[in-house]
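K.L.:
make a model of this:
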Amino acid sequence: MKVSVLVLNFLPLIVFSLLARVLPSNGIGVAALVAAVLALGALLLSRPILPPKIISVLSLVVFAVIAALGLTLGRQDDARLATWGGAGVGVVLGLLILALVPVMPFTEQFAREQVPRSAWGSPTFRRVNRVLSTAWGVAIVALGVSRIVAASLERFHAVEVIFGLILPVWIIVQMLRFTKSYPERVAHGGAGGGPD
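P.N.:
Next up is the predicted model:
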């Protein structure tokens, strides 16, 4: 699986997180709208022969809801949405990803673009994608929790930097490494992956 393609599908979440931090609290609707447009663009740019990516659909729905709320709520509620919605969106997306693992691990859609069709039903293929999707779901929830901690303790600048920036970057870097290395380890017989 190409890690760069996976990262591009998380672009709406990344852009939303950045905009939510730099725009004033009344700009949360705009940040979510930009993220929703990016998610819609990812859906439209998908190859016509493949179904839309689950992560793009989930992102589009979540950001469309936040955009609608952010653009219609009053100033007081908008500030709360900016603080807690901006930080908690990772928790929501991560939980949705985890809920879909038994049905269709989202990484499977990316892997199918590179793996021959004959391998799609193999236990190894299924296991690798369940593990990767579960790991990404947990990581995104952890990012959301980290951002919530940062938002709730923003008066302590060092804590906010650690939980709002350093820890999220570290989690993403670790997940990118894991996404690249885990399928290779399984293919070579490590991590419990032997021949099918």
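K.L.:
where does pLDDT dip in the protein?
P.N.:
For the chain, the stretches with pLDDT under 70 are 1, 46-50, 74-76, 78, 190-196.
K.L.:
ok, now with 90
P.N.:
Within the chain, the stretches falling below the threshold (pLDDT under 90) are 1-60, 63, 65-90, 109-115, 147-148, 150-161, 164-165, 168-169, 184, 186-196.
K.L.:
for it, longest helix please?
P.N.:
With secondary structure taken from DSSP state H, the chain has its longest helix at helix 123-152.
K.L.:
that helix: what's the following helix or strand?
P.N.:
As assigned by DSSP states H and E, the chain's next helix or strand after helix 123-152 is helix 157-161.
K.L.:
for that next one, name the packing helices and strands.
P.N.:
The elements that helix 157-161 packs onto, with contact taken as 3 or more CB pairs under 8 Å, 6 or more residues apart in numbering; DSSP states H and E, are helix 123-152. All C-beta atoms are positioned from the backbone trio N, CA, C, and that covers glycine.
K.L.:
how far does the helix it packs on sit from the chain's center?
P.N.:
The offset between the C-alpha centroid of helix 123-152 and the centroid of the whole chain comes to 8 Å, using CA atoms, centre = their mean, to the nearest Å.
K.L.:
which other helices and strands does that helix contact?
P.N.:
Contact partners of helix 123-152 among helices and strands, from 3+ CB pairs under 8 Å, 6+ apart: helix 86-100, helix 106-111, helix 157-161, helix 167-187.
K.L.:
let's have the ones you listed in JSON lines, adding mean neighbour count and distance to Ala67.
P.N.:
Output for those, formatted as JSON lines (neighbours: other CB atoms under 10 Å; distance: least, CB to CB, whole Å):
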{"stretch": "helix 86-100", "mean neighbour count": "20", "distance to Ala67": "11"}
{"stretch": "helix 106-111", "mean neighbour count": "22", "distance to Ala67": "22"}
{"stretch": "helix 157-161", "mean neighbour count": "13", "distance to Ala67": "25"}
{"stretch": "helix 167-187", "mean neighbour count": "15", "distance to Ala67": "22"}
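K.L.:
save those as CSV, and put in distance to Ser17 too.
P.N.:
Rendered in CSV, the data for the helices and strands packed on helix 123-152 read as follows (distance: least, CB to CB, whole Å):
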stretch, distance to Ser17
helix 86-100, 7
helix 106-111, 19
helix 157-161, 14
helix 167-187, 8
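K.L.:
and those helices: which comes nearest Arg21?
P.N.:
Across those, Arg21 has its closest neighbour in helix 86-100 (7.5 Å, CB to CB).
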